[in-house]
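# Build me a structure from this.
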Amino acid sequence: MAVKIRLKRLGKIRSPHYRIVVMDSRNKRDGRAIEEIGLYHPKNDPSVIRVNSERAQYWLGVGAQPTEAVVALFKRSGDWQAFTGDKTPSGIDPQPAPKDKAAAYNKALAEGDGSSTTEAISKPSRKAKAAAEPEAPAAEPVLPAGSAASSDDAVEQA
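Model prediction:
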């Protein structure tokens with residue numbers, strides 16, 4: 001059985017995500033894998049590359065053949081240099097911390113008029129809405145003359 005380390009495509013039409021998998025070379029591209037050893041998200045800025053180095057070294061050691069794309073990813077993660085003994089530098093760009101949109105909004109609001117609040121971007125809860133609106137007393141329904149309610153009133157008055 002010829003074992004390959006290759007990419008398995010996931011995601012939507014223009015938003016691909018890949019898993020680095022070990023599978024039989026005769027299987028389909030997105031078929032059943034022997035093991036998943038990493039992931040690759042090329043559309044993020046910078047790209048996300050995560051590889052389980054221990055499992056990658058094991059599969060390379062037992063003779064699994066990586067594709068050209070996987071070799072490029074292994075070079076970025078440093079696994080290929082560890083396997084071949086190469087001295088070329090490796091490195092993956094770290095992911096930036098997500099921006100706090102509420103803090104940026106509050107900062108811009110404070111610069112504008114001096115008050116800082118997030119009420120403009122958050123929805124009030126149902127409980128807050130119910131507390132703000134006083135309940136109106138239920139109005140009695142108006143029934144036409146000759147209905148059952150008007151005949152009950154006539155009986156009570158007699």
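
# May I see the buried residues of stretch 81-90?
For stretch 81-90, the neighbour count (16 or more other C-beta atoms under 10 Å) marks residue 83 as buried. Backbone N, C-alpha and C define where each C-beta goes, glycine included.

# What is the neighbour count of the closest residue to residue 4 other than its chain neighbours?
Leaving out its chain neighbours, the residue that sits closest to residue 4 by C-beta to C-beta, 6 or more residues apart in numbering is residue 25, at 4.6 Å. Neighbourhood size, residue 25 [other C-beta atoms under 10 Å]: 12.

# any idea of the pLDDT on residue 25?
Confidence at residue 25, expressed as pLDDT, is 86.

# Run a quick neighbour tally on the closest residue to residue 66 other than its chain neighbours.
Spatial nearest neighbour of residue 66, excluding adjacent residues (C-beta to C-beta, 6+ apart): residue 5 at 4.2 Å. Counted with other C-beta under 10 Å, residues neighbouring residue 5 total 26.

# Give the next helix or strand downstream of the strand or helix carrying residue 5.
Taking DSSP states H and E as the definition, residue 5 sits inside strand 3-11. Using DSSP H and E, the helix or strand that follows strand 3-11 in sequence is strand 16-24.

# show me where the chain has helices.
For the chain, the helices defined by DSSP state H occupy 53-61, 68-77, 79-84, 101-113, 126-132, 148-157.
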